[in-house]
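A.B. asks: just need the structure, nothing else, for what follows:
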Amino acid sequence: MARILPYTIGLVFLIAGVAVPYAYHTHREQEYRNFRVVKPGYLYRSGQLTPTGLKRIIEEYGIRTVINLREENRDQGDASSNRWEEELCSKENVAFVRIPARSWWSKDGPPPARRSVARFLEVFRNPDKYPPPILLHCFAGEHRTGAYCAIYRMEFEGWSPAEAIAEMKRCGYVNLDQEWDVRTFLELYRPSQSHSVADSSSRH
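C.D. replies: Okay, the predicted model is just below:
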């Protein structure tokens, strides 16, 4: 028994050494779901955060505007679909904008998504009403968020469609090549106004 005890204690510490960091990582991922920096001090992206996670991000990064790309009542019974986020932002004196999902393609006329994109660009062009830093998110923080970050890159930082699409894939939009409607919209996107081109170091 005396000989086994040291091995048992060692095994306990080994398990704890694996389990505790894993539990912390899982908890942090839930709180800060896919949180990433797009432009330091200006634009950040994430998935749907928990109330605690959102409050911490607001405090840690000084977020002044939140753009929610999710449908308000998309998932009945899902806490993330109710109005808690808008109420939390109001309490924290943070501007809140909800931009609905619309189709990226139409067989007749411009894609409906153009209306959502116009609203998105309006936020960035009106810093008095929607001050930075800005947090942009959808549910997972990979697909819709990735597409709108690509539009931001092309519109305001002078990125090419190829560069913006490559970043989308690096940030989790791995099935973009199969989603021809989104890909085509972005490949054909052209900035609607003059912009200052960002330092090339921000592209990688």
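A.B. asks: please tell me how far residue 93 sits from residue 131.
C.D. replies: 10 Å (Cβ to Cβ, to the nearest Å). Placement of C-beta: from N, CA and C, glycine included.
A.B. asks: who's more crowded, the two?
C.D. replies: The neighbour comparison of residue 93 against residue 131 (other Cβ atoms under 10 Å) goes to residue 131, with 14 against 8.
A.B. asks: the lowest-mean-pLDDT helix or strand in the chain: what's the following helix or strand?
C.D. replies: Least confident helix or strand of the chain, by mean pLDDT, DSSP states H and E, is helix 4-31 with a mean of 50. Per DSSP states H and E, the first helix or strand lying C-terminal to helix 4-31 is strand 36-39.
A.B. asks: so which elements touch that next one?
C.D. replies: Strand 36-39 is packed against strand 43-46, with contacts defined by 3 or more Cβ pairs under 8 Å, 6 or more residues apart in numbering; DSSP states H and E.
A.B. asks: same for the strand it packs on, what does it pack against?
C.D. replies: Using 3+ Cβ pairs under 8 Å, 6+ apart, strand 43-46 is in contact with strand 36-39, helix 51-61, strand 134-137, helix 144-156.
A.B. asks: any chance of the ones you listed in TSV, plus mean pLDDT, mean neighbour count and distance to residue 165?
C.D. replies: Listed next are those as TSV, based on pLDDT from 0 to 100; neighbours: other Cβ atoms under 10 Å; distance: least, Cβ to Cβ, whole Å:
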stretch	mean pLDDT	mean neighbour count	distance to residue 165
strand 36-39	98	17	15
helix 51-61	97	16	26
strand 134-137	98	25	17
helix 144-156	98	23	6
